[in-house]
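Trainee: Could you look at this predicted model? Sequence included:
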Amino acid sequence: MSQPYQICTRCIMDTSDPDIVFDDAGNCNHCRAWFTRAAIYNLPPQERARLLESVVEEMKRRGHGRDYDCVIGVSGGVDSSFCAIKVKELGLRPLAVHLDNGWNSEKAVGNIKRLLDPLHIDLSTIVLNWKEFRELQLAFLRASTPDSEIPSDHAIVAAFYAASSQHRIGYCVNGINLRTEGIHVREWSQGHLDSRYIKSVYRKFTGKRLRHFPLIPVTTLVRNIVLHRPRNVFLLDYLDYDKQAAKRLLMDRYGWEDYGGKHYESVYTRFYQGWILPHKFGYDKRRMHLSTLVCSGHMTRSEALAEISRPAYPPEAVAPDKAFVAKKLGITVEEFDAVMALPRKRYGDYPNLQNHWAFGRGLDVFRFFKHTLHWVS
Ligand SMILES: [Zn+2]
């Protein structure tokens, strides 16, 4: 944490990631890794199309005789919405899964409906128990680890697992893609799949056990990871995905409405990413997204630097949105401020799967097989 300030000379990642490493040319580990992983973009378009065609054929073959070929997640955002359109164009039969955690903006709900109805895509909406989920979110804010969205992210994956298990669906097609979100900082966000972490934080700050929240059992997690079940297909990486063009298409053809920022379809996500994270932790997630866009050539480094210099949150929106979030969480603004003032913690400060003695050893063995013996691809 004590290293002097440094910013990458190729992207705009900097020492706000405590684990960042620079080479002699001043390039960081994040963009170096991005260019390695993005080798698929160097393939000729017809080769990428051929690869996609074989994946789609396999999905249709596995889905034969079943209700659906794949699960898709829909948040109402650009990536997942565009992905839904492409899935239908490829002739696949998707089941859309949406998580209602109580924070979705009306605009997001409207966008999902405007898209799925004309595409004739079935929608399964998972509604979380609000009273318990509110307590869980408050517990995570009190825990003071950087990523307050871990419970929502966990619930989404749990919903994918449940849908794929219920309908025997072998594939999950998602809008995650290297071009717009291929850079992640581990220290800023850890524990998405970690049921032990979520249970321990809830218990520590409420004194209760979770009763309704859809936790992923460790046995299910291990089985699904080892067996690649459901298998993830990163559809947009096979295409020449251009987010701005996708947004225009969504607006022109489906009446989709813009939110004004990545993941801003949820009020909580907007406030957490735009204000809580930079304000309390000094982390600005825009830095990851903008750096990815620089790597993928959708933005110049100068444009990204100009963008990051603007406020992460509209100053005039902080007070009303903070009041809204506090009220929805059932506390006063003064109590919310007191929670924000609690000392910062890390994922490892709480019981989790990685620091569980048995699971930790198992994880080491899994990594050994994965990396050394190419047990799984
Ligand atoms: Zn870099």
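Mentor: Received the coordinates, thanks. Residues are numbered from 1 along each chain as shown.
Trainee: Count the neighbours of Ala338 for me.
Mentor: For Ala338, the neighbour count with other CB atoms under 10 Å is 12. No exception for glycine: its C-beta is placed from N, CA and C like everyone else's.
Trainee: actually Asp194, not the one I wrote
Mentor: Asp194: 25 surrounding residues under other CB under 10 Å.
Trainee: Which elements pack onto the helix or strand Met288 falls within?
Mentor: Applying DSSP states H and E as the criterion places Met288 in helix 286-295. Under the contact criterion of 3 or more CB pairs under 8 Å, 6 or more residues apart in numbering; DSSP states H and E, helix 286-295 touches helix 29-37, helix 178-181, helix 301-308.
Trainee: Arrange those in JSON lines, one row each, with mean neighbour count as further columns.
Mentor: Formatted as JSON lines, the helices and strands packed on helix 286-295 follow (neighbours: other CB atoms under 10 Å):
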{"stretch": "helix 29-37", "mean neighbour count": "17"}
{"stretch": "helix 178-181", "mean neighbour count": "20"}
{"stretch": "helix 301-308", "mean neighbour count": "15"}
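Trainee: With respect to Ala96, which of these lies nearest?
Mentor: Closest to Ala96 of the helices and strands packed on helix 286-295 is helix 178-181 (CB to CB; 20.0 Å).
Trainee: Leaving out the residues flanking it, which one is nearest to Lys280?
Mentor: Distances taken as CB to CB, 6 or more residues apart in numbering place Met340 nearest to Lys280, at 5.5 Å, with adjacent residues excluded.
Trainee: pLDDT score for the residue most central in space within the chain?
Mentor: The centre of the chain sits closest to Asp153, judged by CA atoms, centre = their mean, with a distance of 6.5 Å. Looking at Asp153, its pLDDT is 95.
Trainee: Contacts only, for it.
Mentor: The contact partners of Asp153, by CB atoms under 8 Å, 6 or more residues apart in numbering, come to His192.
Trainee: what secondary structure does it sit in?
Mentor: helix (DSSP: H, G, I helix; E, B strand; the rest coil).
Trainee: rewinding a little: for the ion, see how far away the residue nearest to Lys280 is.
Mentor: 30 Å (CB to the ion, to the nearest Å).
Trainee: do the same with Thr220
Mentor: Relative to the ion, and taking CB to the ion, Thr220 is found at 36 Å.
Trainee: and the residue nearest to Lys280, how many neighbours?
Mentor: Around Met340 there are 14 residues (other CB under 10 Å).
Trainee: host element of the residue in the stretch 101-250 of the chain that the ion sits nearest to?
Mentor: The minimum distance from the stretch 101-250 of the chain to the ion, using CB to the ion, falls at Ile183 (8.1 Å). Assigned by DSSP H and E, Ile183 falls within no helix or strand.
Trainee: Confirm for me that it is in contact with Arg10.
Mentor: No - in this structure Ile183 lies outside contact range of Arg10 using CB atoms under 8 Å: 11.6 Å.
Trainee: If you count surrounding residues, which of these two has more?
Mentor: The neighbour count for Ile183 versus Arg10, taken as other CB under 10 Å, is higher for Ile183 (25 against 18).
Trainee: what's near enough to touch the more buried one?
Mentor: Here Ile183 is in contact with Cys11, Met13, His30, Cys31, Ala33, Trp34, Met288, His289, Ser291, Thr292, Cys295 (CB under 8 Å, 6+ apart).
Trainee: Just name the shakiest helix or strand of this structure by mean pLDDT.
Mentor: helix 357-372 (a mean of 68; mean pLDDT, DSSP states H and E).
Trainee: Find out how far the helix or strand containing Lys86 is from the centre of the chain, if you would.
Mentor: Applying DSSP H and E as the criterion places Lys86 in helix 78-89. Relative to the chain's own centre, helix 78-89 is displaced by 17 Å; criterion: CA atoms, centre = their mean, to the nearest Å.
Trainee: cool, stretch 302-316 as well?
Mentor: Worked out by CA atoms, centre = their mean, stretch 302-316 lies 22 Å from the chain centre.
Trainee: Any stretches of the stretch 151-300 of the chain with poor pLDDT?
Mentor: Across the stretch 151-300 of the chain, the ranges flagged by pLDDT under 70 are 261-265.
Trainee: Excluding chain neighbours, what is closest to Arg231?
Mentor: Once flanking residues are discounted, Arg231 sits nearest to Tyr171: 5.3 Å by CB to CB, 6+ apart.
Trainee: didn't that neighbour look like it was pressed against His228?
Mentor: No - taking contacts as CB under 8 Å, Tyr171 lies outside contact range of His228: 9.8 Å.
Trainee: excluding its backbone neighbours, what's nearest the residue in the stretch 151-300 of the chain that the ion sits nearest to?
Mentor: Nearest residue of the stretch 151-300 of the chain to the ion, counting by CB to the ion: Ser291, 6.1 Å away. Of all residues not flanking Ser291 in the chain, Cys11 sits nearest, at 3.6 Å (CB to CB, 6+ apart).
Trainee: A strand includes Ala96, no?
Mentor: Yes - Ala96: assigned to a strand according to three-state DSSP.
Trainee: how far away is it from Leu250?
Mentor: 15 Å (CB to CB, to the nearest Å).
Trainee: Likewise for Tyr202?
Mentor: Noted for Tyr202: a distance of 37 Å to Leu250, by CB to CB.
Trainee: And Tyr171 and His228? Which one has more around it.
Mentor: Set Tyr171 next to His228 and count neighbours by other CB under 10 Å: Tyr171 wins out with 26 against 12.
Trainee: From Cys83, how far out is that one?
Mentor: 13 Å.
Trainee: which secondary structure elements does the helix holding Lys86 contact?
Mentor: strand 70-73, strand 94-100, helix 106-119, strand 171-174, helix 243-254.
Trainee: Turn the ones you listed into CSV, columns for distance to Arg223.
Mentor: Shown next, in CSV, are the helices and strands packed on helix 78-89 (distance: least, CB to CB, whole Å):
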stretch, distance to Arg223
strand 70-73, 17
strand 94-100, 20
helix 106-119, 30
strand 171-174, 15
helix 243-254, 35
